[in-house]
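Novice: Just to be clear, the model below is a prediction. Sequence and coordinates:
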Amino acid sequence: MRRHLQVYGCLAAWLFATGCQWDLMQVIAWGRMFTGYAQTMSLTAATQETFSGEMCSLCKVVQKGKEQQEKNTPPTTELGKAKLLDTLLPSATVMPMAPTRRPLGVVLAPPGLVGRGRMPPPLPPPRAVA
């Protein structure tokens, strides 16, 4: 339950930081305008009248709120755009190089001693006993 509350709180903060509240209020305003027009007009006429450009009181509040938010938003600088572009571009792949020297403590056996004292594998392979 607590985790869900944290996720919903983070989502709400992100939506409000991006200005989603104004879009939500605009949708509500259009819905109110459409339902008001649809009571006396056909659906196509109500839709045309809703989106004709004439604003209701709630649409004017939304427009003022969006303008106020844009005034308070600091302008992006070229340095900020460059940082964003730098984070989005893929970085160069770093490949580690093979070591040129043997690590200390590693002793390689001379080629003649490799495999001495070992029996060759049995031919044919032994059968599994069930």
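Specialist: Received it, and whenever you're ready, just let me know what you need. Numbering: from 1, shown residues only.

Novice: buried sites along stretch 43-58?
Specialist: Neighbour-count burial for stretch 43-58, with 16 or more other Cβ atoms under 10 Å as criterion, is recorded at A46, T47, E49, T50. Heads up, the C-betas are built off the backbone N, CA and C, glycines and all.

Novice: Could you dump the residues you listed into CSV and include secondary structure, pLDDT and distance to V27?
Specialist: Shown next, in CSV, are the buried residues of stretch 43-58 (DSSP: H, G, I helix; E, B strand; the rest coil; pLDDT from 0 to 100; distance: Cβ to Cβ, whole Å):
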residue, secondary structure, pLDDT, distance to V27
A46, helix, 93, 16
T47, helix, 93, 14
E49, helix, 92, 17
T50, helix, 92, 11
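
Novice: for H4, what are its contacts?
Specialist: Applying Cβ atoms under 8 Å, 6 or more residues apart in numbering to H4 gives no contacts.

Novice: ok, then the element right after the strand or helix carrying it?
Specialist: In the assignment (DSSP states H and E), H4 maps to helix 2-17. Beyond helix 2-17 on the C-terminal side, the first helix or strand identified by DSSP H and E is helix 20-38.
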